[in-house]
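Undergrad: Need a 3D model of the following:
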Amino acid sequence: MNKNVIVGQSGGPTSVINASLAGVFTTAKELGAPHVYGMRNGIEGFLQERYVDISDYIRNDVDVELLKRTPSAFLGSCRYKLPKVDKDEAVYKKLFEILEKLEIGYFFYIGGNDSMDTIAQLTIYAERIGSDIKFMGVPKTIDNDLVVTDHTPGFGSAAKYVATSVKELIRDNKVNDMDVVTVIEIMGRDAGWLTGSAALSKGPDCDGPDLIYLPELVFDMDKFIARVAEIQKERRSVIVCVSEGIRTADGKYVCEYTDTAGRTTDSFGHKQLTGTARVLAEVINERLGCKVRAIEFSSLQRCAAHLQSETDVNEAFHVGVAAVRAAAAGESGKVIIIERVDEEPYQSTMGSCDVHLVANYKKDVPRGWINEEGDYVTKQFIDYVRPLILGELTDIYVDGIPRHIDNIR
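TA: Model (predicted):
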């Protein structure tokens, strides 16, 4: 690599997104890139010419290992939507002027669906003007909703956190001999992969949650209340896990039912979703008259590096490695994908595909992986997720607390 590298992070962070950054950085340096620059707050910060030389912050192998164990986005993130090339060419002219000034030959963007759209748009413009810069997407999202790839880095660790926390809450709920329903809200606007992972809490020492509701299916409030009442006849403690994005037949998010002020949206038009568990808790209390707890895992499920899956960390690192090697070999306009090649023992390999086949598409939980009643996941779902949560990465502790590398400010 005889030209400089630029890398950015975008969208919601994960507990392993920095492992992908470590993969990009170390491999680019190994292949001879003179400088590896980092965008401050993604493409939005880059447009403001805010960038750093990562070598000023990651100086040795210990720093690399700390970076792999540090949650959140080390370079900072953004939710900035590039306009279509035909709508605002001035933005692209400015971007490419900055890239030319920095002598960039390779551009890497670590992110989810919206971030892959950024790579797609930049690739279109690069082809239009005859630029030889290589653009590569590095996948991440706890939502696990990118198509083509078997799964996405970040999902396995978040699933491990969800399953572990649900298991602990089930234990906590059994302390008192009383009727209580706990509704746990888990991230997932349109896809229920993370919520379904709550089923992994089930085992010889735990019954697992009683009900699981995913956004892939229409949510029926009356049937839901009837199911909770039915389960209460058998046990006093009921655990319900719901995706934040579940909707009723009219297309309305459940969390909007007590929302009179409306919801803010980001630059991609996504409504802010929160409060689903609280709404359901109110309805349960009103109709069944029992004690109800509403719990939101919120940001904890994406930043809990103390529960990183070793499998997830290793794959996150290697998608970064694969992206750099692919770009160095001449590939552009691609996104790295993970291919599952064996189940027992679990093995995966890295490939690549045209980013246009991934950007702006969504992978749902298959209907056959949700039970017939629509209130739990099947064995196929559990068998798919289980290998992704395996293994633990030993934290580096200082004074009893995990040591991280602080985000660049």
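Undergrad: Skip the chain neighbours and tell me the closest residue to residue 51.
TA: residue 37 (4.9 Å; C-beta to C-beta, 6 or more residues apart in numbering). Backbone N, C-alpha and C define where each C-beta goes, glycine included.
Undergrad: The one you found: neighbour count?
TA: 22 (other C-beta atoms under 10 Å).
Undergrad: wait, it sits on residue 102?
TA: Yes. Using C-beta atoms under 8 Å, residue 37 is in contact with residue 102, at 6.2 Å.
Undergrad: ok, back up a step: which element is the residue nearest to residue 51 on?
TA: For residue 37, the element it lies in under DSSP states H and E is strand 36-39.
Undergrad: Could you name the helices and strands sitting against that strand?
TA: Contacts defined by 3 or more C-beta pairs under 8 Å, 6 or more residues apart in numbering; DSSP states H and E place strand 36-39 against strand 4-9, helix 17-30, strand 51-53.
Undergrad: could I have that strand exported to CSV, CA atoms only?
TA: Output in CSV follows, covering the C-alpha atoms of strand 36-39 (Å, rounded to 0.1, in the frame of the first residue of the first chain):
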residue,chain,number,x,y,z
VAL,A,36,-3.6,5.6,8.6
TYR,A,37,-5.9,8.5,9.2
GLY,A,38,-9.0,8.3,11.3
MET,A,39,-12.2,10.4,10.6
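Undergrad: quick check, distance from it to the centre of its chain.
TA: Offset of strand 36-39 from its chain centre (C-alpha atoms, centre = their mean, to the nearest Å): 22 Å.
Undergrad: tell me the contacts of the spatially closest residue to residue 68 that is not a sequence neighbour?
TA: Nearest residue to residue 68, sequence neighbours excluded (C-beta to C-beta, 6+ apart): residue 19, at 4.4 Å. Contact analysis of residue 19 by C-beta atoms under 8 Å, 6 or more residues apart in numbering lists 67, 68, 153, 313, 314, 316, 317, 320.
Undergrad: likewise residue 149?
TA: Contacts of residue 149 by C-beta under 8 Å, 6+ apart are 139, 335, 336, 337, 338, 339, 358.
Undergrad: still on that earlier bit, residues shared between the contacts of residue 37 and residue 102?
TA: By C-beta under 8 Å, 6+ apart, the residues touching both residue 37 and residue 102 are 4, 6, 51.
Undergrad: I figured the last one was touching residue 38, is that so?
TA: Yes. With contact taken as C-beta under 8 Å, residue 51 and residue 38 are classed as touching, separated by 6.3 Å.
Undergrad: For the two, list the residues in contact with both.
TA: residue 6.
Undergrad: Looking at those two, which is more packed in?
TA: More crowded of residue 51 and residue 38, by other C-beta under 10 Å: residue 38, with 27 against 19.
Undergrad: now the more buried one: how far from residue 189?
TA: 28 Å (C-beta to C-beta, to the nearest Å).
Undergrad: since we're on residue 244, how many residues are nearby?
TA: The local packing of residue 244 (other C-beta under 10 Å) involves 24 other residues.
Undergrad: quick one: contacts for it?
TA: Residues in contact with residue 244 (C-beta under 8 Å, 6+ apart) are 185, 186, 187, 188, 189, 255, 273, 274, 276.
Undergrad: Just the buried ones out of those, please.
TA: The neighbour-count test (16 or more other C-beta atoms under 10 Å) applied to the contacts of residue 244 identifies 185, 186, 187, 188, 189, 255, 273, 276 as buried.
Undergrad: and these as JSON lines, adding secondary structure?
TA: What follows is the buried ones among the contacts of residue 244, written out as JSON lines (DSSP: H, G, I helix; E, B strand; the rest coil):
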{"residue": "185", "secondary structure": "strand"}
{"residue": "186", "secondary structure": "strand"}
{"residue": "187", "secondary structure": "coil"}
{"residue": "188", "secondary structure": "coil"}
{"residue": "189", "secondary structure": "coil"}
{"residue": "255", "secondary structure": "helix"}
{"residue": "273", "secondary structure": "coil"}
{"residue": "276", "secondary structure": "helix"}
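Undergrad: I'd like the distance between the closest residue to residue 55 other than its chain neighbours and residue 166.
TA: Among residues not flanking residue 55 along the chain, residue 36 sits closest, at 6.6 Å (C-beta to C-beta, 6+ apart). As for residue 36, its distance to residue 166 is 39 Å (criterion: C-beta to C-beta).
Undergrad: Same check on residue 381?
TA: Distance, residue 381 to residue 166, using C-beta to C-beta: 15 Å.
Undergrad: who has more neighbours, those two?
TA: More neighbours surround residue 166 than the other of residue 381 and residue 166, with 27 against 24 (other C-beta under 10 Å).
Undergrad: Make sure that one is indeed in a helix.
TA: Yes. Counting by three-state DSSP, residue 166 is located in a helix.
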